[in-house]
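Student: what's the 3D shape of this:
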Amino acid sequence: MLIMHDVTKLSNIYPSLMVRVKIINENKTGTGKILEILSGSDDLKGILVRIEGGIIGNVIEVLNSPEIAKNRILTE
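Tutor: Predicted coordinates:
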């Protein structure tokens, strides 16, 4: 069972999640734990966050969450 997080919904994104972001104004991605949520509402580009290292970008993928970890354990 694959766990998918809707990265456009503010309610699905919270500090400490490990995510991949599309870095603002660059054609690069970055990976890290969310330190701060910058979006004030749902965002079709992905919720805007600040991750470790001060990188700001739109979330494009949740890499690890309690739900993902639980699913990984249950399928082993």
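
Student: Please tell me I have it right and Ile34 contacts Asn12.
Tutor: No. Assessed by CB atoms under 8 Å, Ile34 is found out of contact with Asn12, at 11.5 Å. Any C-beta I mention is one placed from the backbone N, CA and C, and that applies to glycine too.

Student: Pick out whichever of those two has more residues nearby.
Tutor: Higher neighbour count among Ile34 and Asn12: Ile34, with 21 against 17, using other CB atoms under 10 Å.

Student: so is the more buried one in a helix, a strand, or just coil?
Tutor: Following DSSP: H, G, I helix; E, B strand; the rest coil, Ile34 is assigned to strand.

Student: burial count for Lys33?
Tutor: Residues near Lys33, counting by other CB under 10 Å, number 15.

Student: give me every residue that touches Asp6.
Tutor: Contacts of Asp6 were listed using CB atoms under 8 Å, 6 or more residues apart in numbering, and they are Asn12.

Student: Compute the distance between it and Asn27, please.
Tutor: Taking CB to CB, to the nearest Å as the measure, Asp6 falls 24 Å from Asn27.

Student: what does Thr8 give?
Tutor: Look at Thr8 and Asn27: by CB to CB, they are 20 Å apart.

Student: what do you get for Val59?
Tutor: Where Asn27 is concerned, Val59 sits at a distance of 17 Å (CB to CB).

Student: So these two - more neighbours on which side?
Tutor: Val59 (25 against 6).

Student: Where does the spatially closest residue to Ile23 that is not a sequence neighbour sit, in terms of helix or strand?
Tutor: In this structure, Ile23 finds its nearest non-sequential neighbour in Gly57, 4.4 Å apart by CB to CB, 6 or more residues apart in numbering. Gly57 is part of strand 56-64, with elements assigned from DSSP states H and E.

Student: Identify the neighbouring strands of that strand in the sheet and state each direction.
Tutor: Strand 56-64 has the following strand partners under DSSP bridges: strand 18-23 (antiparallel), strand 48-51 (antiparallel).

Student: pull the CA atoms of that strand into CSV?
Tutor: Extracted in CSV, the C-alpha atoms of strand 56-64 (Å, rounded to 0.1, in the frame of the first residue of the first chain):
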residue,chain,number,x,y,z
ILE,A,56,12.7,28.0,0.6
GLY,A,57,10.6,26.1,-1.9
ASN,A,58,7.4,24.4,-2.8
VAL,A,59,6.9,20.9,-1.5
ILE,A,60,6.8,18.4,-4.4
GLU,A,61,7.1,15.2,-2.4
VAL,A,62,6.9,14.0,1.2
LEU,A,63,9.8,11.6,1.7
ASN,A,64,9.1,10.4,5.2
